[in-house]
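Asks: Predicted structure and sequence below. I'll ask about it afterward.
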Amino acid sequence: MAAVLVYLTASGGAVDDVSLQALALGAQLASGDAVHALVIGDEAAAGGLGPWGASTVHVARHDALGTTAPDAAARILDDLAARLGVSVVIGPGTDTGNTVIARAAARGGVPFAANCTGATAGNPITVTRLRWGGSLLEEAAIHADRAMLTVAPHSVAARQTGGVAAVETFTPELDPADLVVRAVERIPAANGGVSLADARVVVSGGRGVGSAQGFAPIEELAGLLGAAVGCSRAVTISGWRSHTDQVGQTGTKIAPELYIACGISGATQHLAGCKGAKKILAINKDPEAPIMSAADFVVIGDLHQVLPAISAEIRRMRGA
């Protein structure tokens, strides 16, 4: 197997979890050969990646890389892949990762396989990837000199295996056209609470909540548990919550220790977003709702009665 290049996304000096998962798949595919990693702009994030499987971490430094610029990142990735002569490029299956890898694939004129859950080295390389909102797995072969793929979040375990990575910095060549599309500002979520992607517990509401005001008991329970508040697509369509709160195929894919789904029917697209949860507790008046069969624990009842009772019991046990 030839060398592998993994594109990592980072902020605040730390690489995100899905990027570490992509690095784990890269190490598996390399089978002892070199695993190169690319970090753009955030040099502090390059340290400590050796134990996660990287052989060499390449850090792109440029005055114009203070903000996200997907076309610039794609050019840097494509140029580095060509310079290193790698046959596989992997990225995290996040919005940013998919955007950059897709653009890099277009630049190189090669196919792109998104949402992969596994890959097998060979000629051609074969991948397993999620299709139809996670309801089926597709086995596909990538016939190209360079395979471009992203890893579906939480489908590959990131593990430290030891090792030390060399860090090499370089200044990429960029044109003004590469910087036309840029993120100029980041606005934090209005609730300022726990991030969906990182939360150990998520409490979500669906159409059964009834209204924007109906999320009050969900927010109360989430506050007591130190949890993030999520919702289904039906909620965002109704305008009750922001899209940033949406869990699902077209929202955030999560992997908490516990997912509490309240008044959510459990459409395939929603289950694709929460299937990484270790345990699922479903609260619903409809015992036949699809999410009931996917849940580890089930409460059949009105969430507006069940949630206040749970919150009251938590307060009683804490002596509050």
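Replies: That came in fine, so what should we check first?

Asks: any idea how far residue 177 lies from residue 71?
Replies: With distances taken as C-beta to C-beta, to the nearest Å, residue 177 is found 7 Å from residue 71. To be clear about C-beta, it is placed using only N, CA and C from the backbone, and glycine gets the same treatment.

Asks: With neighbour numbers in mind, choose between the two.
Replies: residue 71 (20 against 10; other C-beta atoms under 10 Å).

Asks: nearest residue to the more buried one other than its sequence neighbours?
Replies: Spatial nearest neighbour of residue 71, excluding adjacent residues (C-beta to C-beta, 6 or more residues apart in numbering): residue 178 at 4.9 Å.

Asks: Next: residue 140.
Replies: Per C-beta to C-beta, 6+ apart, closest to residue 140 is residue 127, 5.5 Å.

Asks: I'd guessed the one you found sits against residue 144; true?
Replies: No - in terms of C-beta atoms under 8 Å, residue 127 does not count as a neighbour of residue 144; the distance is 11.8 Å.

Asks: higher neighbour count, these two?
Replies: residue 127 (22 against 17).

Asks: So which residues of the stretch 151-300 of the chain form helices?
Replies: 216-225, 233-238, 268-274, 290-294 (DSSP state H, counting those that start in this stretch).

Asks: Remind me what the shortest one packs against, helices and strands.
Replies: Think helix 290-294. helix 268-274, strand 279-284 (3 or more C-beta pairs under 8 Å, 6 or more residues apart in numbering; DSSP states H and E).

Asks: Nearest to residue 311, out of the ones you listed?
Replies: Ranking the helices and strands packed on helix 290-294 by proximity to residue 311 (C-beta to C-beta) places strand 279-284 first, at 12.6 Å.

Asks: could you give the angle of the closest one to helix 216-225?
Replies: In terms of direction (axes from the mean of the first three to the mean of the last three C-alpha atoms, to 10 degrees), strand 279-284 departs from helix 216-225 by 160 degrees.

Asks: tell me the average confidence for strand 279-284?
Replies: Across strand 279-284, the average pLDDT comes to 97.

Asks: same for it, what does it pack against?
Replies: strand 258-262, helix 290-294, strand 297-300, helix 303-318.

Asks: Tell me which residues are up against the second one.
Replies: Going back to what we said before, that points to helix 290-294. 261, 264-268, 270-271, 275, 280, 282, 284, 286, 298 (C-beta atoms under 8 Å, 6 or more residues apart in numbering).

Asks: Repeat that for stretch 221-229.
Replies: By C-beta under 8 Å, 6+ apart, stretch 221-229 touches 191, 193-196, 198-205, 215, 218-219, 241, 245, 256, 260, 307, 310-311, 314-315.

Asks: Over to that stretch now: how far is its first residue from its last?
Replies: Stretch 221-229 has its terminal residues 9 Å apart, counting by C-alpha to C-alpha, to the nearest Å.

Asks: Just give me how far stretch 28-47 sits from the chain centre.
Replies: How far stretch 28-47 lies from its chain's middle: 18 Å, per C-alpha atoms, centre = their mean, to the nearest Å.

Asks: ok, and for it, which residues are buried?
Replies: Under the neighbour-count criterion of 16 or more other C-beta atoms under 10 Å, stretch 28-47 has 28-30, 35-43, 45-46 buried.

Asks: Just the ones in strands from those residues, please.
Replies: When DSSP state E defines the strands, the subset of the buried residues of stretch 28-47 inside them is 35, 36, 37, 38, 39, 40.

Asks: just for the chain, where's the confidence low?
Replies: 1-2, 133-135, 187-193, 320 (pLDDT under 70).

Asks: ok, longest strand in it?
Replies: strand 112-120.

Asks: Sheet-wise, list the partners of it with their directions.
Replies: strand 125-131 (antiparallel), strand 147-151 (parallel) (DSSP bridges).

Asks: List the buried residues in it.
Replies: In strand 112-120, counting by 16+ other C-beta under 10 Å, buried: 112, 113, 114, 115, 116, 117, 118, 119.
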